[in-house]
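K.L.:
Show me how the following folds:
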Amino acid sequence: MQRIQVLIPLPFAGVYDYKVPGDVKIPLGTFVYVPLGKRRVIGVVWGFSSNFLVSEERLKLVDGTVDVKPLPDSVRRFVNWVADYTFSPPGAVLRMVMCVPKALEPPRSRVGFSLSAEPGNFLMTAARKRVLDLMKCGYPRVAGELAREAGVSSGVIKGLCDLGALDKVELSPDVHFPSPDPDCLGPKLSELQKFAAEKLVWGIRDKKFSVLLLDGVTGSGKTEVYFEAIAETLRHGRQVLVLLPEIALSAQWLMRFESRFGVAPVEWHSDLGQADRRQKWRGISEGRIDVVVGARSALFLPFDRLGMIVVDEEHDASFKQSEGVLYNARDMAVVRAKLEGCLAVLASATPSLESIINVKRGMYEHLVLPERHAGASMPKVEMIDLRLCSLPRQRWISPQLQNSLKANLKAHEQSLLFLNRRGYAPLTICRSCGFRLNCPNCTAWLVEHRFAGRLNCHHCGFEMQMPDACPDCGTKGAMAACGPGVERLLEEVLNLLPEARVELMTSDTIRGPGSAAKLVEKVHKREIDILIGTQLVAKGHHFPMLTLVGVVDADLGLNGGDLRAAERTYQMLHQVSGRAGRAECAGRVLLQTYQPEHPVMRALTEGDRDSFIAGETALRKEGVWPPFGKLVALILSGRRGNQVKATALNVARSAPDNTAIRVLGPAPAPLAMLRGKHRWRLLVKTTRSVNVQNILSSWLSKVKIPNAVRLHVDIDPQSFL
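P.N.:
The predicted structure is shown next:
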């Protein structure tokens, strides 16, 4: 009788032993039903048991196998690697792979629609015509897909069926996913682009693991370059995964892909419905899907023949998962590529210092695109020294920026105002007693969102209406907004330029790919004169007539104790500057700052990235900070503040007497209260050569953590809140 080890997608320490009835042999990776306590759960055969100390009678029987393709060996090794590195239970990582439980159920047949052979006579409307035109050159489609592609309601589909224009047909349970055509003719590449594309193509043909940093200025055509590598991967019959930091902002990327390959890629992100997720997960597992573009979670999909992984905007901090299993998708993408034996492409106009140092260490190959495509020039970047401006009270746009906006409007060119702060105002204060409106669950101010008529906490989601009187002193009408958010900026622009057509682009106004696509289309149709936005506007957009970028508060990201503050501010401002002048019209960028002497501001205005990177490298190297050293954050949280503090002190006292590590703290976290839980932090600092996971395992196994206190271990933390 076979003994197997089953990994269950729950945050448990390891595998469970089971026995297989009779002479049945179950291969590794098979999904199986097993009893767990009083439940019947699905797990994955992870190994074969050699623990014969447990008698066969005590082992529970496997309850059957699941009719799904076994999990590939490379995926199982990836789960183990991520679990070991991130100090997480393997079952918690497996849960990210098995993220669609319904996909493991037998697929059901579906009802679709096809063109009727004898449609008869009926009144033709524009909506009906779009549906019928779509069906003339297509295969049978389910109602939801047909309605979405034709841009009509489901009632139109039902009406055409009732009229006899469409026939109901039974479809296979397997959804058809059209394959991108690698031989579709793409745009003409410049000589520099051709050289870079050929290097990527050779990386695909080599069929070995390698990492290539595609480092190109904004507008240099990095996407078209790695599209050539995607085409080559498809010719070799292998799958492609492209990770984007903000899938809601992928509208232009998706259009470019469809233009290049004839069909849209399969998308994977949190906005998908359950039916969509089930069909796509199964299609990926069975190898019926060739290209996936997705958010960081797509990295854990069960690809069985992965040939290339692309991480676009590889520097972006949103690739770091901040809940559950704490991982950096950029770094884990490199690991998965190594386990798959394929090419990893990291693309950015502002590569992370980690990637730049890996190039210098010889770990990554470096490809540089130093010029914009089609002869477009980089925008001219200028500083506006706010110390020399006498801004009127409650105003944030300087006279120089205001005049530039007016001139751009007169020239019928588009402008962008950037302020990385959502809402109307970041703080509301009582003019009478000085009371500030705080979140009751977090150490954070409530942000006024005036358009929605609410006060919101951006950390826990708490919201309330603006009080008529101060909650502390009772004075009526004394609550005042302090500081600007993008909504307040919109109000100021409309007062200064009432004739301008102005729109906001923030996570409050962009709810998904659909709304993003509509806004992008409005910009392209020149229905918007001035776009105001947060960091969402900085990522990958190509607006040919946008020639002016105004950064309202260039110093905003430099505040706080984040060791990457300067690097991230440079990346953000460089990216948003890159939205200007991407076509034939020259671009101009105005940075409003109180720190014109700061290295970030000098690097941006002088176009000298290398000097900035050299300065940052020297500072990090001297302090043995990442990427020259290694950090681990230990975050303790719980409802009872004294208990959390006592546990944090106990963890610190139990730290090993080891010269290889340095323990900083414990101390209350900057966000000392988050979602109603008190938080304390310790920071472990060490060198890159130290296996800090082994030290943590030995150390933390000796510490008693109360059930009411939660310990999070964050390897390579990106946030220090």
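K.L.:
Would you map out the domains in this protein?
P.N.:
Using automatic domain parsing, the domain parsing of the chain gives 3-98, 110-171, 191-373, 376-421+484-617, 629-715.
K.L.:
closest to residue 429 out of the ones you listed?
P.N.:
Among the domains of the chain, the nearest to residue 429 by C-beta to C-beta is domain 376-421+484-617 (13.6 Å). The way it works is simple: take the backbone N, C-alpha and C, and place the C-beta from them, glycine included.
K.L.:
export the domains of the chain to TSV and tack on mean neighbour count, mean pLDDT and distance to residue 474?
P.N.:
Formatted as TSV, the domains of the chain follow (neighbours: other C-beta atoms under 10 Å; pLDDT from 0 to 100; distance: least, C-beta to C-beta, whole Å):
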stretch	mean neighbour count	mean pLDDT	distance to residue 474
domain 3-98	17	92	48
domain 110-171	15	84	52
domain 191-373	20	94	39
domain 376-421+484-617	19	91	25
domain 629-715	16	95	25
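K.L.:
In a markdown table: the ones you listed, plus distance to residue 450.
P.N.:
Listed next are the domains of the chain as a markdown table, based on distance: least, C-beta to C-beta, whole Å:
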| stretch | distance to residue 450 |
| --- | --- |
| domain 3-98 | 38 |
| domain 110-171 | 33 |
| domain 191-373 | 23 |
| domain 376-421+484-617 | 6 |
| domain 629-715 | 25 |
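K.L.:
show me what contacts residue 468?
P.N.:
Residues in contact with residue 468 (C-beta atoms under 8 Å, 6 or more residues apart in numbering) are 476, 477.
K.L.:
any idea how far it is from residue 476?
P.N.:
Computed as C-beta to C-beta, to the nearest Å, the residue 468 to residue 476 distance reads 6 Å.
K.L.:
Kindly report the same for residue 584.
P.N.:
According to C-beta to C-beta, residue 584 and residue 476 sit 57 Å apart.
K.L.:
for residue 644, same thing?
P.N.:
Per C-beta to C-beta, residue 644 is found 39 Å from residue 476.
K.L.:
what's the closest non-adjacent residue to the spatially most central residue of the chain?
P.N.:
When C-alpha atoms, centre = their mean is applied to the chain, the residue found nearest the centroid is residue 245 (3.3 Å). In space, and not counting its chain neighbours, residue 245 is closest to residue 316: 3.8 Å by C-beta to C-beta, 6 or more residues apart in numbering.
K.L.:
And residue 250, by the same measure?
P.N.:
The spatial neighbour of residue 250 that comes closest, neighbours along the chain excluded (C-beta to C-beta, 6+ apart), is residue 244 at 5.4 Å.
K.L.:
tell me the phi and psi of that neighbour?
P.N.:
phi -120, psi 140 (degrees, to the nearest 10).
K.L.:
hmm, back to that, what are the phi and psi values at the residue nearest to the centre of the chain?
P.N.:
When read as degrees, to the nearest 10, the backbone of residue 245 gives phi -70, psi -30.
K.L.:
Quick check: residue 4 is in a strand.
P.N.:
Yes: according to DSSP: H, G, I helix; E, B strand; the rest coil, residue 4 belongs to a strand.
K.L.:
The residue lying closest to it once chain neighbours are set aside: what's it in contact with?
P.N.:
In this structure, residue 4 finds its nearest non-sequential neighbour in residue 45, 5.1 Å apart by C-beta to C-beta, 6+ apart. Neighbour list for residue 45: 4, 5, 6, 26, 27, 28, 29, 30, 32, 70 [criterion: C-beta under 8 Å, 6+ apart].
K.L.:
before we move on, which element is residue 95 in?
P.N.:
Assessed by DSSP states H and E, residue 95 sits inside helix 90-97.
K.L.:
Name the next helix or strand downstream of that helix, please.
P.N.:
Counting by DSSP H and E, the element after helix 90-97 in chain order, helix or strand, is strand 110-115.
K.L.:
Export the helix or strand following that next one to PDB, keeping only CA atoms.
P.N.:
Per DSSP H and E, the first helix or strand lying C-terminal to strand 110-115 is helix 126-136. Listed next in PDB are the C-alpha coordinates belonging to helix 126-136 (Å, rounded to 0.1, in the frame of the first residue of the first chain):
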ATOM      1  CA  ALA A 126     -27.400  49.500 -34.200                       C
ATOM      2  CA  ALA A 127     -27.000  47.200 -31.200                       C
ATOM      3  CA  ARG A 128     -28.500  44.200 -33.000                       C
ATOM      4  CA  LYS A 129     -26.300  44.900 -36.000                       C
ATOM      5  CA  ARG A 130     -23.100  44.900 -33.800                       C
ATOM      6  CA  VAL A 131     -24.000  41.500 -32.400                       C
ATOM      7  CA  LEU A 132     -24.800  40.000 -35.800                       C
ATOM      8  CA  ASP A 133     -21.700  41.500 -37.400                       C
ATOM      9  CA  LEU A 134     -19.600  40.000 -34.600                       C
ATOM     10  CA  MET A 135     -21.100  36.600 -35.100                       C
ATOM     11  CA  LYS A 136     -20.500  36.500 -38.900                       C
END
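K.L.:
Contacts for helix 126-136, please.
P.N.:
For helix 126-136, using C-beta under 8 Å, 6+ apart, the contacting residues are 113-115, 122, 141, 146, 149-153, 156-157, 159-160, 165-166.
K.L.:
Measure how that helix sits relative to strand 110-115, angle-wise.
P.N.:
100 degrees (axes from the mean of the first three to the mean of the last three C-alpha atoms, to 10 degrees).
K.L.:
from the chain's centre, how far out does whatever helix or strand comes next after helix 126-136 sit?
P.N.:
Sequence order places helix 143-150 as the next helix or strand after helix 126-136, per DSSP H and E. Averaging C-alpha positions (C-alpha atoms, centre = their mean, to the nearest Å) puts helix 143-150 27 Å from its chain's average.
K.L.:
Mind giving me the packing neighbours of helix 143-150?
P.N.:
strand 110-115, helix 126-136, helix 154-162 (3 or more C-beta pairs under 8 Å, 6 or more residues apart in numbering; DSSP states H and E).
K.L.:
Can you give the distance of the longest one from its chain's centre?
P.N.:
I take that to be helix 126-136. How far helix 126-136 lies from its chain's middle: 36 Å, per C-alpha atoms, centre = their mean.
K.L.:
next one: the last one
P.N.:
Computed by C-alpha atoms, centre = their mean, the separation of helix 154-162 from the middle of its chain amounts to 38 Å.
K.L.:
swap in the shortest one?
P.N.:
Averaging C-alpha coordinates over strand 110-115 and over its chain gives two centres that are 35 Å apart (C-alpha atoms, centre = their mean).
K.L.:
Same check on stretch 184-191?
P.N.:
Relative to its chain's centre, stretch 184-191 lies at 29 Å (C-alpha atoms, centre = their mean).
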